[in-house]
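>>> Here is a sequence together with a model predicted from it:
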Amino acid sequence: MDVLVGTLILGISVGSVYALAATGLVLTYKTSGVLNLGYGSLALLTTFIHWQLTAWGLPVGIAAALVILVIAPLIGVFLDSQLFRRIEGQPQVISVIATVGLFVLIQGIVRLAWGGRTELVPSLFPSASWTLPGGVSVGVDQIGVLVVAAGAAGSLGAMLRYSRTGVSFRAVVNNRPVAGLMAINTTFVSGLAWALSTSFAALTGILLTQGIFGGLLDPIFLPTFVIAFVLGAAVFGYLQSLPLAYLGGLALGIAQSLLIQYQPQIVDVIGLETWVARIRDGLPFITITVALLIAPRALRIRGLGSSFVVRTREALAPAPARVRTTVAAVVFGVLAIVPLLGSVSWSLTLATGMIFSVVFLSLVILTGYSGQISLGHTAFMGIAAFSAGHLATDLGWSSWLAMPVGALAAVPAGALIGFIAVRLHGLYLALLTLAFAFMAQQLFFEERGISGGEGGVPLPRPDGAGSETGFYYLVLAILIASSLLAVSLRTGRTGRVLAAMRDSEAACRSVGIAVTRYKVIIFGLSAFIAGLGGVLQSMILESANKLNFQPFFGLIYVTLAVLGGIFHVGGAIASGILFGIFPQAIDAFPFLGDIQFILFGLGSTLALAQNPEGLFGELRRAGNAALSLILRIRQRRSQPAPVTGGGR
């Protein structure tokens, strides 16, 4: 009984931190409409600032107070005024990508400023322990974390309930447009919400570093750990309810502590030791999946009324078919002669870029054409790659046959998500796909029998394409075929149906379009193309390795696809090739390696906020302007010279 009580106290202590962070996340989402996936990075940055102040000799309590009460709120206000307020009114995908960029940007800043080292943060609390009535011994740090987190949450609750500012907060949280009509300064409330949320992120990072990690500040593990459990708790309240989000945080903390403490006993009863550990690690994403699948209908259809795709700034007439064909022929022609002109390293670099282009094409088909969003395409890539590897290695299949069959193995998973997409929409669907990727990683890709452990599953290149040049042309051929498929899909009847679904799913249902069938088809097709990309990525390395299918890469891929131009096949090709050749740029200019995260973060935040159409939108606009200029020049030259009258 003493062990159980101690475990519950630890769970409540840690859970109160999750609850506090989830409250801050929901607060900003309800007031500004932005789900901050960079919350964990904000916790990391502010905790590093706290550590730096203590390293300079500032007392730990004063350093923590300065960070939580001054520095963190200023960061929050800056982000609200300079970034998120600028993308207000944009589709949700823009805000999601902006917060992913924020996540990477802050990682780059931490890496540049502190070298990415793990540091030991001084404790806020003494290392003593107390004995409670009944003989239960608990650490002072556990009690301290619980008291501080609960006190912060209680202060927020009191402010929301009893102060004039709290009334304004509740009005904006319940209905921001109506609050604006009632002369409430929604801009001020949004800025204050970001200040409070960032302050809670700082408090979360400092308390978790003390309560779970033994004072160790890990720049790689902390941000992903924070956002995982915070998202789990926030979705427990469906991103709408502050009390339910707080309750979700407490429940996750208690469940995590019980699983850690009683894992040996659970294993003795049901066996499956590794699976129990994986369930424990994947607990927040299991929570997200279950909560979303059983969500009330009113919440499940919340995304129906708003598009989750990028809108162009102005309507541009499509270039003539002859121009598009000429440009495509030139691009693919240049790619075809590269192995004849360049080095082997450049051929490998461009082959890698074209593989990413194939993956991004799968996102163009799904998100750009039909308005469905997936943050979990790495799961499809991993399923296909490991399936192809086992077919080729264990069963002795030819790699030519294992490649398409492996890609087909991802189709059922995609079709399943497509079927679920009938029930979920918008941001909830995006979160479900992200949870799917994390569960695939934790529950399956970590299984040695599936992923082959650290060494991966061998996946040889096909016969006749084993050389660097031969494999390059295989990748080019698949890229061309995938591009033609995407173009024909968009210009055909299916493409028109998908565009109608993207604009108004309810209208499609009203005219008898089988929305369920088309969603299953488009998710399955997108999974197949992403699976091809995963197989090719493994073939170029001659091994399918779980490290290449980390769930976070799915967020990066969606970000790059949007930066390239999520509506256009050309955007996928351009962003994939640029992403592939970036390592060559680092080799030529080594300083880029130190700021690559910062560059990516700036591109995904400030640049995307100014130009939501992405790179291809700008290239298309420039091309149209150049074409118009050429036509005007030709018209002037073809006009007859004016006739001047003669006179005496």
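It's in.
>>> And the next helix or strand past the helix or strand bottoming out on mean pLDDT in the chain?
In the chain, no helix or strand scores lower on mean pLDDT, DSSP states H and E than helix 608-610, which sits at a mean of 64. Reading on from helix 608-610 to the C-terminus, the next helix or strand found by DSSP states H and E is helix 614-638.
>>> Tell me which other helices or strands that next one touches.
Helix 614-638 is packed against helix 551-564, helix 569-588, with contacts defined by 3 or more CB pairs under 8 Å, 6 or more residues apart in numbering; DSSP states H and E. Yep, even glycine has a C-beta here, placed from its N, CA and C like the rest.
>>> Quick check: buried residues in stretch 196-214?
Applying a neighbour-count criterion of 16 or more other CB atoms under 10 Å, the buried positions in stretch 196-214 are 196-213.
>>> Ok, stretch 118-128 next?
119, 121, 124-125.
>>> Likewise for stretch 457-466?
Using 16+ other CB under 10 Å, the residues of stretch 457-466 that count as buried are 457, 459, 461-462, 465.
>>> Need the CA coordinates for it. PDB is fine.
These are the backbone C-alpha positions of stretch 457-466, laid out as PDB (Å, rounded to 0.1, in the frame of the first residue of the first chain):
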ATOM      1  CA  VAL A 457      16.400  -4.900 -42.800                       C
ATOM      2  CA  PRO A 458      18.700  -5.300 -45.900                       C
ATOM      3  CA  LEU A 459      17.000  -4.100 -49.100                       C
ATOM      4  CA  PRO A 460      19.100  -4.600 -52.200                       C
ATOM      5  CA  ARG A 461      18.700  -2.500 -55.300                       C
ATOM      6  CA  PRO A 462      17.000  -4.200 -58.300                       C
ATOM      7  CA  ASP A 463      19.100  -6.200 -60.800                       C
ATOM      8  CA  GLY A 464      20.200  -3.800 -63.500                       C
ATOM      9  CA  ALA A 465      19.900  -0.800 -61.300                       C
ATOM     10  CA  GLY A 466      22.600  -1.700 -58.800                       C
END
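>>> returning to what we had before: looking at the helices and strands packed on helix 614-638, which is closest to Ala65?
Relative to Ala65, the nearest member of the helices and strands packed on helix 614-638 by CB to CB is helix 551-564, separated by 32.6 Å.
>>> so how far is that closest one from its chain's centroid?
For helix 551-564, the distance between its averaged C-alpha position and the chain's averaged C-alpha position is 7 Å (CA atoms, centre = their mean, to the nearest Å).
>>> do the same with stretch 538-545
Per CA atoms, centre = their mean, the centroid offset for stretch 538-545 relative to its chain is 24 Å.
>>> Name the residues of it that are buried.
Within stretch 538-545, the residues that qualify as buried by neighbour count (16+ other CB under 10 Å) are 538-540, 543-545.
>>> any idea which of the helices and strands packed on helix 614-638 is most buried?
Per-stretch averages of neighbours, counted by mean count of other CB atoms under 10 Å, single out helix 551-564 among the helices and strands packed on helix 614-638, with a mean of 25.
>>> what are the ranges of the strands in this protein?
Remark: strands of the chain, listed N- to C-terminal, are 119-120, 129-131, 137-139, 216-217, 457-458, 543-544; assignment by DSSP state E.
>>> quick one, phi/psi of Phe589?
Phi and psi for Phe589, reported as degrees, to the nearest 10, are phi -130, psi 90.
>>> Ok, Ile294 next?
phi -100, psi 10.
>>> Equivalent analysis for Trp397, please.
Backbone torsions of Trp397, given as degrees, to the nearest 10, read phi -70, psi 150.
>>> thinking it is in contact with Gly389, fair?
No: at 10.3 Å, Trp397 does not count as touching Gly389 under the criterion of CB atoms under 8 Å.
>>> These two: who's more crowded?
When Trp397 is set against Gly389 and neighbours are counted by other CB atoms under 10 Å, the residue ahead is Gly389, at 28 against 16.
>>> Next up, the contacts around the closest residue to Ile420 other than its chain neighbours.
Taking CB to CB, 6 or more residues apart in numbering, and ignoring the residues beside it in sequence, Ile420 has Leu432 as its nearest neighbour in space, at 6.5 Å. Counting by CB atoms under 8 Å, 6 or more residues apart in numbering, Leu432 touches 288-289, 292-293, 417, 420, 424.
>>> One more pass at 7 Å, please.
Residues in contact with Leu432, defined by CB atoms under 7 Å, 6 or more residues apart in numbering, are 289, 292, 420, 424.
>>> pLDDT value on the closest residue to the first one other than its chain neighbours, please?
It refers to Thr289. Counting by CB to CB, 6+ apart, Thr289 lies nearest to Ala435, which is 4.8 Å off, once chain neighbours are set aside. Here the pLDDT value assigned to Ala435 is 91.
>>> any idea how far Gly253 is from Ala435?
When CB to CB, to the nearest Å is applied, the distance between Ala435 and Gly253 equals 19 Å.
>>> likewise Ala544?
Here the criterion is CB to CB. By it, Ala544 lies 36 Å from Gly253.
>>> Can you tell me how far Ser168 is from Gly76?
According to CB to CB, Ser168 and Gly76 sit 17 Å apart.
>>> and the two? which has more neighbours close in?
When neighbours are counted by other CB under 10 Å, Gly76 comes out ahead of the other of Ser168 and Gly76, with 28 against 19.
>>> What segments of the stretch 201-350 of the chain are helices?
Taking DSSP state H, counting those that start in this stretch as the test, the helices found in the stretch 201-350 of the chain are 221-236, 242-261, 263-270, 273-281, 283-293, 297-300, 321-341, 344-363.
>>> what's the answer for the stretch 351-500 of the chain, then?
When secondary structure is read from DSSP H, counting those that start in this stretch, the stretch 351-500 of the chain shows helices at 370, 377-393, 399-409, 411-420, 426-439, 448-451, 468-491, 493-503.
>>> Using CSV, lay out the buried residues of stretch 538-545 together with pLDDT and distance to Ser163.
Conversion of the buried residues of stretch 538-545 to CSV gives the following (pLDDT from 0 to 100; distance: CB to CB, whole Å):
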residue, pLDDT, distance to Ser163
Ser538, 94, 57
Met539, 94, 61
Ile540, 93, 59
Ser543, 92, 59
Ala544, 92, 56
Asn545, 92, 54
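>>> Can I get the residues you listed in TSV including distance to Gln261?
Supplementary listing: the buried residues of stretch 538-545 in TSV, determined by distance: CB to CB, whole Å:
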residue	distance to Gln261
Ser538	39
Met539	44
Ile540	44
Ser543	38
Ala544	36
Asn545	33
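>>> What is the longest helix anywhere in the chain packed up against?
For the chain, the helix that runs over the most residues, judged by DSSP state H, is helix 2-32. If you count contacts as 3 or more CB pairs under 7 Å, 6 or more residues apart in numbering; DSSP states H and E, helix 2-32 packs onto strand 137-139, helix 140-162, helix 164-174, helix 186-211, helix 221-236, helix 242-261.
>>> go again using 6 Å as the cut-off
The criterion is 3 or more CB pairs under 6 Å, 6 or more residues apart in numbering; DSSP states H and E, and the helices and strands that helix 2-32 contacts are helix 140-162, helix 186-211, helix 221-236, helix 242-261.
>>> Show the average pLDDT along that helix.
84.
>>> so that helix versus helix 221-236, what angle?
Interaxial angle, helix 2-32 versus helix 221-236 (axes from the mean of the first three to the mean of the last three CA atoms, to 10 degrees): 80 degrees.
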